[in-house]
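*Asks:* Below are the sequence and a predicted model; questions follow.
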Amino acid sequence: IGARVIKGAEVNQLSDEELDHVLDFEQLVFARTSPANKLTIIKALQEKRFKRYKDGRMPKRIKNIVAVTGDGVNDSPALSQADIGVAMGIVGSDVAK
């Protein structure tokens, strides 16, 4: 359908500036991310202030509201940092909930 898919290993290789540009995609999916990747992505989205367009339009000021899912103790920093944190599953840890 045209969504850009970024794996956690790719997030590790991106500079802050490259990640900022990736976040300009209209449809973006992050897959196989570690808890550290989630935290990096959340902070980058929360700090992003402008959306750039590839068609030459002027950048637009934005304020991202970030939601994240997690199910374990390792996800608790990302769940806390996000504007909306969703603890998943019946077997999810009490810390995540």
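*Replies:* Arrived safely. Numbers count the residues shown, from 1 in each chain.
*Asks:* ok, so what distance separates R32 from K60?
*Replies:* Shown here: R32 relative to K60, a distance of 30 Å by Cβ to Cβ, to the nearest Å. All C-beta atoms are positioned from the backbone trio N, CA, C, and that covers glycine.
*Asks:* Over to S80?
*Replies:* Taking Cβ to Cβ, one finds S80 at 29 Å from K60.
*Asks:* Show me which of these two is the more surrounded one.
*Replies:* Neighbours per residue (other Cβ atoms under 10 Å) separate S80 from K60, with S80 holding more: 13 against 10.
*Asks:* List the contacts of the helix or strand harbouring that one.
*Replies:* If you go by DSSP states H and E, S80 is part of helix 76-81. For helix 76-81, contacts defined as Cβ atoms under 8 Å, 6 or more residues apart in numbering pick out 35, 38-39, 42-43, 46, 68, 70, 85-87, 95-96.
*Asks:* Now, the residues you listed that are in helices?
*Replies:* With helices taken from DSSP state H, the overlap with the contacts of helix 76-81 comprises P35, K38, L39, I42, K43, Q46.
*Asks:* Now the buried members of these.
*Replies:* Those of these that meet the buried threshold are P35, K38, L39, I42, K43, by 16 or more other Cβ atoms under 10 Å.
*Asks:* Most widely separated two among these?
*Replies:* P35 and K43 (12.9 Å; Cβ to Cβ).
*Asks:* So what's the residue count around N64?
*Replies:* For N64, the neighbour count with other Cβ under 10 Å is 14.
*Asks:* what bits of this structure have low per-residue confidence?
*Replies:* Along the chain, the model assigns pLDDT under 70 to residues 1, 90-97.
*Asks:* tell me the strands in it, going along the chain?
*Replies:* Using DSSP state E, the strands of the chain run over 4-7, 28-31, 50-51, 60-61, 67-70, 84-87.
*Asks:* and the third one, what does it pack onto?
*Replies:* Spelled out, it's strand 50-51. Judged by 3 or more Cβ pairs under 8 Å, 6 or more residues apart in numbering; DSSP states H and E, the packing partners of strand 50-51 are strand 60-61.
*Asks:* Done for today, thanks.
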